[in-house]
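*Asks:* Mind looking at a prediction? Sequence and model below.
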Amino acid sequence: MKNFAKSQAMQKRAQQITPLGVNSNFRYWGEGITPYVSKGKGAYLWDVDGNRYIDYRMAFGPIILGHAVDEIDNKVAEEIRNGVLFAMTGELELEVEEMIINMVPGVQMVRLATTGTEATMHAIRVARAFTGREMIVKFEGNYHGFHDNTLWSTYAPAEAYGSPRSPIPVPASSGIPRTLGSLIITLPFNDKEGFERVMFSYGRQIAAVITEPCQGNCGAILPQPGFLDLVQQKCTEYGAMFILDEVKTGFRIGNGGAQEYYNLSPDLITYAKALGNGYPAAAFGGKREVMEIIGRGVAQGGTYTNNKPGVAGAWATLKMLQEKPILAEIEQRGKRLMDGVDQILTEEGLVHTMNGYPAMFSFAIGAEQVTNQREWNKTDHDLYLSIMDKMMERGVMPDMDAREPWFMAHAHSEADVDETLTVFREAVREAKG
Ligand SMILES: Cc1ncc(COP(=O)(O)O)c(C=O)c1O
């Protein structure tokens, strides 16, 4: 059994000074079982008790190369010695923007931000300003950050959502103004018919349809063939903006992200996470005629939008992604892991479905197919949690929450994949009992 004495003591200390003893609700796993971290290197992290884990949480996705990668950290260290913030524009950030535009076919103009929350918040503002409309369509189970605009129908139990024909938008937190509910329409992901119905009824009032390409915050549920095309097509037909939230998929499933993968041309796209390999960098961009309204009656900015650590981290990360076949290698190793997990679950007799991409994948137990959150909610989360728990005991750390995909980094080696599969088989057998 692993020793967690220091984590437990640190949790007690932390709870005196910060709510739940963590600086983001998602980091609280429960009393006495919330790990506190000490350091990371490559594919591994160590908790404060010195336990080492192969990390598949990768900070919920940002770490695409690995922890503490010298090429990235050296560039950041070099740049920050010349000052970190000036409220003026510098060349390094222009180079980052040029790299984004070169790598992603659909981005003609871009603005930097600091977090994914900011990026989606700004994209929504721009969409509303461009269309002169206020309503937003979002899909149940998608998460677009912590702002009040779209923190609706993210994690609620399926019963709370009402009939799929006329879903009830459910705020994901106290403190979100109820009146904002009149500006949002929620729908099950992949529901083509429901989406067409909503667009037929409300299309000309809708400023934007925002979606993750795959449900990166709900078991990595993939879009059904034609679903994202339909979203794009109806947005064009009714003059609404199509916002593709690539905060998790961007610079992870390919250099051009899901936009390129699915051959889409959204009006606006948002990025964060893998853009900076852990340094605080985000961006949103899209079509020139849409982006150009910023600064012409449309407000956007932020003190830290070009913070040097974030910009330098993004610069070095994008340069590596451009120069080396990093994402192709991640895909190949991720595929081996994903296939291995699939095979073990089959051999152990568990009905399941695999979802996501090799660079960020998940599985749901107890169903052969899952296409939206309502279906996903009915799958066996207890068994999933139990398997993850047993993996943790053996030094492999995917997230405990079945909603979070397993994130691959370039630092994961073939040997890490082998070890993970061995551990996974043991954990499944033990959890099944
Ligand atoms: C798809 C998506 N959009 C937006 C966000 C918010 O990003 P951040 O946590 O950087 O504010 C997240 C975070 O997980 C996300 O997964």
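*Replies:* Arrived safely, thanks for sending. Numbers count the residues shown, from 1 in each chain.
*Asks:* how about the residue of the stretch 251-400 of the chain found nearest the ligand, what does it touch?
*Replies:* Using Cβ to the nearest ligand atom, Ala272 is the residue of the stretch 251-400 of the chain that sits closest to the ligand, at 4.4 Å. (Glycine included, C-beta is placed from N, CA and C.) Residues near Ala272 by Cβ atoms under 8 Å, 6 or more residues apart in numbering: Pro62, Ala113, Thr115, Gly116, Ala119, Val247, Gly250, Ala281, Ala282, Ala283.
*Asks:* and the last one, what helix or strand is that in?
*Replies:* With secondary structure defined by DSSP states H and E, Ala283 is part of strand 282-286.
*Asks:* Is stretch 100-115 in proximity to the ligand?
*Replies:* Yes - using Cβ under 6 Å from any ligand atom, stretch 100-115 reaches the ligand at Thr115.
*Asks:* Take the contacts of Ala272 and keep only those in strands.
*Replies:* Ala113, Ala282, Ala283 (DSSP state E).
*Asks:* one step back: strands paired with the strand holding Ala283, and their directions?
*Replies:* Partners of strand 282-286 in the sheet, by DSSP bridges, are strand 109-113 (antiparallel), strand 268-271 (antiparallel).
*Asks:* can you give me the offset of it from its chain's centre?
*Replies:* 15 Å (Cα atoms, centre = their mean, to the nearest Å).
*Asks:* Could you export it as CSV, CA atoms only?
*Replies:* C-alpha atoms of strand 282-286 as CSV (Å, rounded to 0.1, in the frame of the first residue of the first chain):
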residue,chain,number,x,y,z
ALA,A,282,-4.7,30.6,-25.1
ALA,A,283,-6.0,32.1,-28.3
PHE,A,284,-9.1,32.5,-30.3
GLY,A,285,-9.2,33.2,-34.0
GLY,A,286,-11.1,32.6,-37.2
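*Asks:* hang on, the earlier thing: now the buried members of the contacts of Ala272.
*Replies:* Pro62, Ala113, Thr115, Gly116, Ala119, Val247, Gly250, Ala281, Ala282, Ala283 (16 or more other Cβ atoms under 10 Å).
*Asks:* remind me which residues of this structure are low pLDDT?
*Replies:* Nowhere does the chain drop to pLDDT under 70.
*Asks:* What separation is there between the residue located most distally from the centre of it and the ligand?
*Replies:* Going by Cα atoms, centre = their mean, the residue of the chain most distant from its centre is Gly433, 32.8 Å out. Remark: distance between Gly433 and the ligand (Cβ to the nearest ligand atom, to the nearest Å) = 33 Å.
*Asks:* hang on, the earlier thing: closest one of the contacts of Ala272 to Glu78?
*Replies:* Nearest to Glu78 among the contacts of Ala272, counting by Cβ to Cβ, is Ala281 at 16.5 Å.
*Asks:* can you count the residues close to the residue in the stretch 301-433 of the chain that the ligand sits nearest to?
*Replies:* Residue nearest to the ligand within the stretch 301-433 of the chain (Cβ to the nearest ligand atom): Glu404, separated by 9.0 Å. Using other Cβ atoms under 10 Å, Glu404 has 23 neighbouring residues.
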